[in-house]
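**Student:** could you look at this predicted model? Sequence included:
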Amino acid sequence: MIAGILFDLDETLHSREVAFWAWIREESLERELDADRVAALDARGRGQKVALLDYLAIGLHWPERSLDQRLRRFRAGLTRHIRPDPRVHEMLSRLRSSFRLGLVSNGTSQSQRAKIGALGIEHYFDPILISEEIGFRKPRPEIFWIASDRWSIARETILVVGDDETADILGARNAGMQALRVTGGLAEELNCIGAVTELERWLLANG
């Protein structure tokens, strides 16, 4: 039985990679960048931001000198290229009539809140748990337990939906919750789906 669903944000409810590379293309229209170097430094959003932003600032001749200025440029550019998916909105609207819905994300408050705002999905979730605000990062079980405590429902009745094998899937299982991985491609295993929009079909088959 599933009573609540906790969603990851990046690469689950939207493609941070698509937004990131759209911004990189916009920034590098008149200059050459080593795409492999950018990808390695970014590490799908998990790399060291200082090294990435230093490389971009030098290669693209940014006028910003301070880390804070560069971070603002980065966050504003990424947010500008986030595109809401009507199918995700429709799915979340249907799901919240039957399940408690929450969102749990690693990252800074400013960055993740901006993405949530750009996607227009804030009203679907209670709670919204962001690691910087909570003081715990996935896969620490505490960040997941906050949701079960607020909902006052058993941990084993909560499904965590996310793309990261360690942060989302292992984290959920260590917290005593169910887990479903979003692969972004083929989903050949039982507890996997290719895209988050396949969740309702999975729930019908496995709920």
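**Tutor:** Received it, and whenever you're ready, just let me know what you need.
**Student:** confirm I5 sits in a strand?
**Tutor:** Yes. Checked against DSSP: H, G, I helix; E, B strand; the rest coil, I5 lies within a strand.
**Student:** would you mind measuring from it to A40?
**Tutor:** I5 sits at a distance of 34 Å from A40 (criterion: C-beta to C-beta, to the nearest Å). Where C-beta positions appear, they are placed from N, C-alpha and C, glycine not excepted.
**Student:** between those two, which one's more packed in?
**Tutor:** I5 (24 against 13; other C-beta atoms under 10 Å).
**Student:** confidence score at that one?
**Tutor:** What the model reports for I5 is a pLDDT of 98.
**Student:** show me what it is bridged to.
**Tutor:** L101, L159 (DSSP bridges).
**Student:** OK, contacts around it?
**Tutor:** The contact partners of I5, taken as C-beta atoms under 8 Å, 6 or more residues apart in numbering, are 95, 99-102, 158-161, 199.
**Student:** list the contacts for the spatially closest residue to A195 that is not a sequence neighbour?
**Tutor:** Nearest non-adjacent residue to A195, counting by C-beta to C-beta, 6 or more residues apart in numbering: V182, 6.5 Å away. Residues counted as contacts of V182 (C-beta under 8 Å, 6+ apart) are 8, 11-12, 161-163, 192-196.
**Student:** let's see 6 Å
**Tutor:** Neighbour list for V182: 12, 163, 193, 196 [criterion: C-beta atoms under 6 Å, 6 or more residues apart in numbering].
**Student:** among those, which ones are buried?
**Tutor:** Applying 16 or more other C-beta atoms under 10 Å to the contacts of V182, the neighbour count classes 12, 163, 193, 196 as buried.
**Student:** if I look at the third one, how far off is V88?
**Tutor:** Plainly put, I193 is 13 Å away from V88 if you go by C-beta to C-beta.
**Student:** what of the first one?
**Tutor:** Relative to V88, T12 is positioned 10 Å away (C-beta to C-beta).
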